[in-house]
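Q: need the 3D shape of this:
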Amino acid sequence: MGPLEVYERQGYVVLEGLLDANELAAVRSALEPLLDDGPSGRNDFEGTRTRRVYSLVGRGAVFASMVEHPRVLALVDRLLLPHSLLTASQAISVGPGETPQPVHFDDSFYPLPRPRRAISISTIWAIDAFTPENGATEVIAGSHLFDDAQVEGTYQRGGDGQRSSEFERGLAPLEMKAGDCVLFAGTLLHRGGANRTDRWRRAISHQYCEPWARTQETFLLTIPRDRVAPLSPRLRSLLGYSIHGPFMGQIAGRHPEKALKPGWRSPVDDVDTPG
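A: Numbering: from 1, shown residues only. Next up is the predicted model:
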């Protein structure tokens, strides 16, 4: 059974060995100063003992290359429309003593009835091995097919703890080696697990969405244009320098790629504003 068939059946698929030892070393080296400065989460969902770094794709070539890894994009291109977008890009380091996240699904903010196709596709890259003890992501296989009634009580869906034990009975930890990556539907129920060890567990999450959907992160604002211009055409497209036909994403009636040309000025720059 191929990876797409596994994904369709259980809502996720583990892609083994996407990063070799040298690539892992480069990622860890680039992550270290970012995570040292990264703030801890503000609530149980972000994790008060978890460090997160957002807009990771703009913070180094090693992270940008992961976003457009060919094995990942081969699946994304089968699951989403052409000109799909990057919706989130972050590093996540789960600290010792961290508690489990609430059970949730990643595209719950798109208010369309379930069951349905996922509007976003998530990846989580294991930068350290994922184990049941160190906070491995926990999933409910097949839950990407649940209807609205079956997901009531999850985070952002009226979760009040009344159904937590019911969801927990279906959760299973995703054990992965460092360098593996899990790709899963935005409709899949999952959570970050509890870290019962004395070591940090590092991961990177890149998420993709349909070209007509609003993204979680606004990369057009967070990543300076001079850093975007040298990137590959596909990565620029994922960051929002693209058009979903006939004209979603245009800038003053023009293709957003034009904004990356030297000397480009927004037409609004020439408009006098009231004092």
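Q: remind me which residues of the stretch 1-150 of the chain are low pLDDT?
A: When residues are selected by pLDDT under 70, those of the stretch 1-150 of the chain lie in 38-40, 43.
Q: go again with 80.
A: Scanning the stretch 1-150 of the chain with the threshold set as pLDDT under 80 gives 37-48.
Q: what secondary structure does the residue nearest the centre of the chain sit in?
A: Within the chain, one residue has its C-alpha closest to the average C-alpha position: by Cα atoms, centre = their mean, that is Q207, at 2.7 Å. Three states are possible here, and by DSSP: H, G, I helix; E, B strand; the rest coil the one that applies to Q207 is strand.
Q: any buried residues in the helix ranked longest in the chain, and which?
A: Once the chain is assigned using DSSP state H, the helix that runs over the most residues is helix 21-37. By neighbour count on 16 or more other Cβ atoms under 10 Å, the buried set for helix 21-37 is 24, 27, 30-31, 34-35. C-betas here are computed from N, CA, C, even on glycine.
Q: dump these to CSV, plus distance to W212.
A: Listed next are the buried residues of helix 21-37 as CSV, based on distance: Cβ to Cβ, whole Å:
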residue, distance to W212
L24, 35
V27, 32
A30, 33
L31, 32
L34, 31
L35, 34
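Q: how distant is stretch 55-64 from the center of its chain?
A: From the chain centre to the centre of stretch 55-64 is a distance of 13 Å (Cα atoms, centre = their mean, to the nearest Å).
Q: confirm for me that S108 is in contact with E152.
A: No - S108 is beyond contact range of E152, at 11.3 Å (criterion: Cβ atoms under 8 Å).
Q: so the two - more neighbours on which side?
A: The residue with more neighbours, out of S108 and E152, is S108; 17 against 13, by other Cβ atoms under 10 Å.
Q: residue contacts, the residue lying closest to the more buried one once chain neighbours are set aside?
A: If the residues on either side of it in the chain are set aside, S108 comes closest to Q156, at 4.7 Å by Cβ to Cβ, 6 or more residues apart in numbering. Residues touching Q156, when contacts are defined by Cβ atoms under 8 Å, 6 or more residues apart in numbering, comprise 104, 108-109.
Q: the same query, at a cut-off of 10 Å, please.
A: For Q156, the contacting residues are 45, 102, 104-105, 108-109, by Cβ atoms under 10 Å, 6 or more residues apart in numbering.
Q: name only those of these that count as buried.
A: If you count burial by 16+ other Cβ under 10 Å, the buried members of the contacts of Q156 come out as 102, 104-105, 108.
Q: if we can go back for a sec, the longest helix of the chain packs against which elements?
A: Using 3 or more Cβ pairs under 10 Å, 6 or more residues apart in numbering; DSSP states H and E as the contact criterion, the elements in contact with helix 21-37 are strand 50-54, helix 61-67, strand 85-94, strand 120-126, strand 201-209.
Q: give me the angle between that helix and strand 120-126.
A: Taking axes from the mean of the first three to the mean of the last three Cα atoms, to 10 degrees, helix 21-37 and strand 120-126 form an angle of 100 degrees between their directions.
Q: all strands for the protein, in order.
A: With strands called from DSSP state E, the chain shows them at 12-15, 50-54, 85-94, 120-126, 137-139, 172-173, 181-185, 190-192, 201-209.
Q: so the fourth one versus strand 85-94, what angle?
A: This means strand 120-126. Using the same axes, to 10 degrees, the interaxial angle of strand 120-126 with respect to strand 85-94 works out to 30 degrees.
Q: may I see the buried residues of strand 120-126?
A: Buried-residue list, strand 120-126, by 16+ other Cβ under 10 Å: 120-126.
Q: direction included, what does it pair up with?
A: With DSSP bridges as the criterion, the sheet partners recorded for strand 120-126 are strand 181-185 (antiparallel), strand 201-209 (antiparallel).
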